[in-house]
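Asker: Okay, sequence plus prediction incoming.
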Amino acid sequence: MSYFSDVERDLVVAARTVLADGIVALDLVAHNGRDLPAWQPGSHVDLIFSDARVPAAERVERQYSLCGDAADRSTWRVAVLREDEGRGGSVRVHEEVQVGQRLRVRGPRNHFAYEIVPAVTHRFVAGGIGITPLLGMVRAAARAGAEWTLDYAGRSLSTMAFVDELRALDGGAGRVRLYPADSGARLDVAGLVDAAGDGGPVYACGPARLIAALEDGFEAAGRAAALHVERFEAIEYGEPVWPDPFEVELALSGDIVTVQPGQSVLEAIEEQSPTTMVLSSCRRGTCGTCEVPVLEGEIEHRDSVLTPLEREQSAVMMVCVSRAACPRIVLDA
């Protein structure tokens, strides 16, 4: 199940903490001290750095997983890895955001919902900053008394966030296994797939290469349904299956827009039906903000959010990247 909120609010940066080399945490609170909305492990929020008057396509908005304690309604915590070759959001957090500053925040949203399943082992697999959505899940599993393990890989121990907190949750039971690459440690994906043969769920987040290896391994073992993943890198796709222009009927407004090759559905709507409101953020198919219900037509899903079953059902599409696989589709927008 997914959970969504498109509400925007101004929150105050109550604390700024260095968690590891290149990673800082921001603790966000309401300016009046009130509780913030509840959230589920796996949720993320959008940090909005641009003024509302900036055109949507030019706004700087970035998505960060909530990694605090979901039981603490007073604070939302995000952890941000500095990426100098990224799109600029993380550099702004590291260089500009200070304690006492107000930030515009949208959400929370959750396409990576976690569910406690009794009597099985819950396995978590993190690569680098991919630990952020999993930390809340580990806390929830530990709090519920569930069996769990965490395999956590990183470049070095000094770059791996939350290590002390995870060890405290483990309590010396050996459930947390760390793989800092500079010490020669390597996560054994094949062994992890074999160990997950008991049918328990596996939640993973990390670089594209790690996620691809896990997906290939679980698919080959016939247990693809056990694997739940979140990506922070967009999937690379080839040419669209429908290379020609196509029409999109917007059922609520009655407008019909034409999407040209090389143009996204979102861009066509913004250009040709400016009164139609479709929220967007990452514009790369990784955040789920631009999800729109599909009423008719075949869709080529090119996002990094939907599960294989959700793609097959085609009840929704991410209009920033996904396209029609036919001459005309109808959206509930």
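Answerer: Thanks, I have the structure now.
Asker: Check the burial of Ala212 by counting its neighbours.
Answerer: 14 (other Cβ atoms under 10 Å). Any C-beta I mention is one placed from the backbone N, CA and C, and that applies to glycine too.
Asker: I'd like to know which elements the helix or strand that it is a member of is packed against.
Answerer: Assigned by DSSP states H and E, Ala212 belongs to helix 208-220. Packed against helix 208-220 by the contact rule (3 or more Cβ pairs under 8 Å, 6 or more residues apart in numbering; DSSP states H and E) you find strand 121-127, helix 189-195, strand 202-206, strand 227-231.
Asker: Mean neighbour count and mean pLDDT added to those, as JSON lines?
Answerer: Converted to JSON lines, the helices and strands packed on helix 208-220 look like this (neighbours: other Cβ atoms under 10 Å; pLDDT from 0 to 100):
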{"stretch": "strand 121-127", "mean neighbour count": "24", "mean pLDDT": "97"}
{"stretch": "helix 189-195", "mean neighbour count": "15", "mean pLDDT": "92"}
{"stretch": "strand 202-206", "mean neighbour count": "26", "mean pLDDT": "97"}
{"stretch": "strand 227-231", "mean neighbour count": "20", "mean pLDDT": "94"}
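Asker: I'd like these as TSV, with distance to Glu291 appended.
Answerer: Shown next, in TSV, are these (distance: least, Cβ to Cβ, whole Å):
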stretch	distance to Glu291
strand 121-127	25
helix 189-195	30
strand 202-206	20
strand 227-231	15
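Asker: I'd like to know which of the ones you listed is closest to Ala71.
Answerer: strand 121-127 (18.2 Å; Cβ to Cβ).
Asker: Output the contacting helices and strands for that closest one.
Answerer: Checking 3+ Cβ pairs under 8 Å, 6+ apart, strand 121-127 ends up next to helix 131-144, strand 147-154, helix 189-195, strand 202-206, helix 208-220.
Asker: Let me know which of these is the nearest to Ile116.
Answerer: helix 131-144 (5.1 Å).
Asker: so how far is the closest one off the chain centroid?
Answerer: 15 Å (Cα atoms, centre = their mean, to the nearest Å).
Asker: tilt between it and strand 202-206?
Answerer: 150 degrees (axes from the mean of the first three to the mean of the last three Cα atoms, to 10 degrees).
Asker: any chance you could map the helices in the protein?
Answerer: Counting by DSSP state H, the chain has helices at residues 89-95, 131-144, 163-170, 189-195, 208-220, 265-272, 308-313.
Asker: Need the contact partners of the first one.
Answerer: In this structure, residues lying in contact with helix 89-95 by Cβ atoms under 8 Å, 6 or more residues apart in numbering are 24, 26, 47, 49, 60-62, 80-84.
Asker: again, 7 Å this time
Answerer: 24, 26, 47, 49, 60, 62, 80-84 (Cβ atoms under 7 Å, 6 or more residues apart in numbering).
Asker: Thank you kindly, that will do.
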